[in-house]
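> Got a sequence here, can you build the structure:
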Amino acid sequence: MPSRLTALNVDVHDPARAGGFWAALLGREVRTGADGVLVPGSGTQLGLRFTATDEPKVGRDRMHLHLNSTDAADQRRTVAKALRLGARHLDVGQLPEEQHVVLADPEGGELCVIEPGTTFLAGCGFLAELTCEGSRDVGFFWAAALGWPLVWDEGPQTAVQSPRGGTKVSWDGPPSPRRGRERQRFDLTVAGGDLADEVARLTAIGATPLGPRPDGTTGLADPDGNVFLLRAVG
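Numbering: from 1, shown residues only. Have a look, this model is predicted:
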């Protein structure tokens, strides 16, 4: 079985605060352990994991989350709730006619509350999309890595989604130059205790193995050089 994308793993200064914000915003629980603060997902919704770092956030993140809206009032409620929980409005150059609302979470991570009626996100659930900077090729790599179909392939843009639906993962063109250490990475789980076979499979389709890490995970890099983590479960 391919690896399962369990969470977006984010380095933050205060994992408890970040986890509490996202759990309250998404209506989920918080689980705290040696490997950070987890806001679990589900079979169709992406989870979020927050791990502690002393390093500052440098520039805009290469990945950010899109939240869905059922109607205009629902969009306003989500924005108001996020602001009450500690988010702030963010100007990233959006145009006045654009209807999505850009916010920053308490750790400065960008997120968008998308206007209703966006057909690309229809049926994706509340946590509708993780959108990333990335090449077209990396979209094809992740489709093969996760065993998910490619649901969008137009120009430089690609997207994948679980066959069961839910949160889409998209890439919106070539990545910008790196600005220090990346604080975000995919967190994948592998059923069973031995990661060697999965590392070999991912390497064969274009990943670069980086070896075991002190936290018990194994690191790899995708074809764009983005680090991701494998962890054994069960």
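
> So what touches stretch 29-37?
Defining contact as C-beta atoms under 8 Å, 6 or more residues apart in numbering, one finds that stretch 29-37 is touched by 9, 15-16, 18-20, 23, 38-40, 49-52, 215-217, 231. In short, each C-beta sits where N, CA and C put it, glycine included.

> Sort out which of those residues are in helices and list them.
Pro15, Ala16, Ala18, Gly19, Gly20, Ala23 (DSSP state H).

> residues in contact with the third one?
With contacts taken as C-beta under 8 Å, 6+ apart, Ala18 has the following neighbours: Val10, Val12, Val37, Phe50, Asp105, Pro106, Glu107, Gly109.

> rewinding a little: JSON lines please, covering the ones in helices among the contacts of stretch 29-37 and showing distance to Arg178.
Below are these laid out as JSON lines (distance: C-beta to C-beta, whole Å):
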{"residue": "Pro15", "distance to Arg178": "23"}
{"residue": "Ala16", "distance to Arg178": "28"}
{"residue": "Ala18", "distance to Arg178": "22"}
{"residue": "Gly19", "distance to Arg178": "26"}
{"residue": "Gly20", "distance to Arg178": "30"}
{"residue": "Ala23", "distance to Arg178": "30"}
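
> Counting neighbours, which of the residues you listed comes out on top?
Comparing the ones in helices among the contacts of stretch 29-37 on neighbour count, Ala18 comes out first with 26 neighbours (neighbours: other C-beta atoms under 10 Å).

> where in the protein is pLDDT low?
Under the criterion pLDDT under 70, the flagged ranges of the chain are 1, 95, 193.

> Report the backbone C-alpha coordinates of the lengthiest helix in it in CSV.
Longest helix of the chain, by residue count under DSSP H: helix 72-85. Extracted C-alpha coordinates of helix 72-85, given in CSV (Å, rounded to 0.1, in the frame of the first residue of the first chain):
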residue,chain,number,x,y,z
ALA,A,72,-21.3,34.5,1.8
ALA,A,73,-22.6,34.5,5.4
ASP,A,74,-20.6,31.3,6.1
GLN,A,75,-17.4,32.9,4.7
ARG,A,76,-18.0,36.0,7.0
ARG,A,77,-18.5,33.7,10.0
THR,A,78,-15.3,31.8,9.3
VAL,A,79,-13.3,35.0,9.0
ALA,A,80,-14.8,36.4,12.2
LYS,A,81,-14.1,33.2,14.1
ALA,A,82,-10.5,33.1,12.9
LEU,A,83,-9.9,36.7,13.9
ARG,A,84,-11.4,36.0,17.4
LEU,A,85,-9.0,33.0,17.8
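
> elements contacting the helix or strand harbouring Gly211?
When secondary structure is defined by DSSP states H and E, Gly211 falls within strand 208-212. Taking 3 or more C-beta pairs under 8 Å, 6 or more residues apart in numbering; DSSP states H and E as contact, the helices and strands that strand 208-212 lies on are helix 196-204, strand 218-221.

> The first one vs strand 208-212, what angle?
Here helix 196-204 points in a direction 150 degrees away from that of strand 208-212 (axes from the mean of the first three to the mean of the last three C-alpha atoms, to 10 degrees).

> Now do helix 196-204: distance to the chain's middle.
Its chain's C-alpha centre and that of helix 196-204 lie 22 Å apart, by C-alpha atoms, centre = their mean, to the nearest Å.

> Right, I'll leave it there.
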